[in-house]
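# I would like to see how this sequence folds:
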Amino acid sequence: RAPKAAGSACGWAAGLATGIVALASGSDLGGSLRTPASFCSVVGFRPSPGRVANGPGEQRFNDLSVEGPMARNVLDAALFLDAMSGWRVEDPVALPPPVEPFLAAAQRKRKPKRAALAIDLGSATPVDRPTRAIVRQAADKLANAGIEIVEASPDFSGAMECFHVLRGLGYATNMQALLERHRDKLKPDVIWNIEAGMALTADRIGKAQLRRSRLYGEMVAFLQQHDFLLTPAACCAPNPIEERWVREVDGHRFENYIGWLTLPACITLTTCPAISIPAGFTDDGRPVGIQLVGLPRGDAALLSAAAAVEDILGVRDAVPIDPRPAKALKKG
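Sure, this is the predicted structure:
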């Protein structure tokens, strides 16, 4: 059975892997740049909120969903981020462009000294055996290249409850009117998310905001002790295309379609930049990516480290096909 590309940017990820496009962009809330990149053996970069400015919208202060680049390798992703970045007065959280281009920072390929390996984010999520094995092999390669690898993780307990609440709140805010007018045109997963948001209480929303605030502080302190956090980009290798979402991993059955996205979703809450890069392949040829997470607004440093890691892992060119120009139309 054919594997699925996964996520709202899955078409772009597949296009990159097959040589249809050289660069792509998309949005990332629960991993829609990172998960498809992992499933297609390409690069997906979730930048810091505000790095890529948004135009006018209903939720101008939203910092959960961000726009970012996808590419065949880290340097291409950095190049495209330079084109996408910039301040806009319409976006209240927009950041100014960097003093130095992101591509220049990435080209330095500054190898990190110390990284924290957290395969399941401290037992926050199940991870299938093939993915665990490939991520450990990647960590071993980094250790052999002189990067100190320690197994450690911030405390992500309660983070997915927080994500569920804040995501649901956003869906209700943006889509309640859409649900009322066009319920018959929405897929069941979206209806569930909107209605979950509409049912939220002030108590749950308040607790979610406080949990997110604590997580941010814990993550900053953690990343001041480690150059970056290393996790799988997804909890499993690509699932069959017939399945809308991953229902079960290693005997653990997910209650809803967000559960299997714990690895990228927990990082979303922290506002830290995160990048998915190819790490290897399962025995049956399915791609597996790793997620590197850096300090908030440390986009340039993370891209530089990711470019160095990409070289060490040595699988950058295993899948993406060079884009080929379309044949010229014959005259007459």
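
# Which residue lies closest in space to A17, excluding its sequence neighbours?
Closest residue in space to A17, ignoring its immediate chain neighbours: C40 at 4.2 Å, by C-beta to C-beta, 6 or more residues apart in numbering. (Each C-beta comes from the backbone N, C-alpha and C, glycine too.)

# okay, that neighbour: pLDDT?
Predicted confidence (pLDDT) for C40: 93.

# shouldn't it be in contact with A13?
Yes. Here C40 reaches A13: they are 4.0 Å apart, a contact under C-beta atoms under 8 Å.

# Quick check: phi and psi at C272.
Dihedral pair for C272: phi -70, psi 140, per degrees, to the nearest 10.

# A306 now?
With angles defined as degrees, to the nearest 10, A306 sits at phi -60, psi -40.

# Any stretches of this structure with poor pLDDT?
The model of the chain has pLDDT under 70 over residues 1-9, 319-321, 323-332.

# Using CSV, write out every CA atom in the lengthiest helix in it.
For the chain, the longest helix by residue count, based on DSSP state H, is helix 159-182. Below are the C-alpha coordinates for helix 159-182, written out as CSV (Å, rounded to 0.1, in the frame of the first residue of the first chain):
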residue,chain,number,x,y,z
ALA,A,159,1.1,20.0,27.3
MET,A,160,-1.2,18.2,25.0
GLU,A,161,-4.3,19.1,27.1
CYS,A,162,-3.0,22.7,26.8
PHE,A,163,-2.6,22.3,23.0
HIS,A,164,-6.1,20.8,22.7
VAL,A,165,-7.6,23.7,24.5
LEU,A,166,-5.8,26.5,22.6
ARG,A,167,-6.2,24.8,19.3
GLY,A,168,-9.9,24.3,20.0
LEU,A,169,-10.3,27.9,21.0
GLY,A,170,-8.7,29.1,17.8
TYR,A,171,-11.0,26.8,15.7
ALA,A,172,-14.1,28.1,17.5
THR,A,173,-13.0,31.7,17.1
ASN,A,174,-12.3,31.4,13.4
MET,A,175,-14.9,28.8,12.2
GLN,A,176,-18.0,28.9,14.4
ALA,A,177,-19.8,30.9,11.7
LEU,A,178,-18.6,28.5,9.0
LEU,A,179,-19.9,25.5,11.0
GLU,A,180,-23.3,27.1,11.3
ARG,A,181,-23.6,27.9,7.6
HIS,A,182,-21.8,24.9,6.0
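
# next one: that helix to chain centre, how far?
Distance of helix 159-182 from its chain centroid, counting by C-alpha atoms, centre = their mean, to the nearest Å, is 20 Å.

# Tell me the buried residues in it?
Neighbour-count burial for helix 159-182, with 16 or more other C-beta atoms under 10 Å as criterion, is recorded at 159-160, 162-172, 174-175, 179.

# Spit out the contact partners of G26.
G26 makes contacts with 8-9, 12, 32-33, 36, 44, 67-68, 70, as judged by C-beta atoms under 8 Å, 6 or more residues apart in numbering.

# for it, helix, strand, or coil?
Under DSSP: H, G, I helix; E, B strand; the rest coil, G26 falls in the strand class.

# Which strand residues bridge it?
G68 (DSSP bridges).

# measure A115 to E100 for me?
Going from A115 to E100 by C-beta to C-beta, to the nearest Å gives 23 Å.

# Neighbour count: those two, which is higher?
When A115 and E100 are compared on other C-beta atoms under 10 Å, the one with more neighbours turns out to be A115, at 23 against 11.

# so where do the strands sit in this structure?
Along the chain, counting by DSSP state E, strands occupy 23-28, 43-46, 66-71, 114-117, 148-151, 228-232, 248-249, 252-253, 274-281, 287-293.
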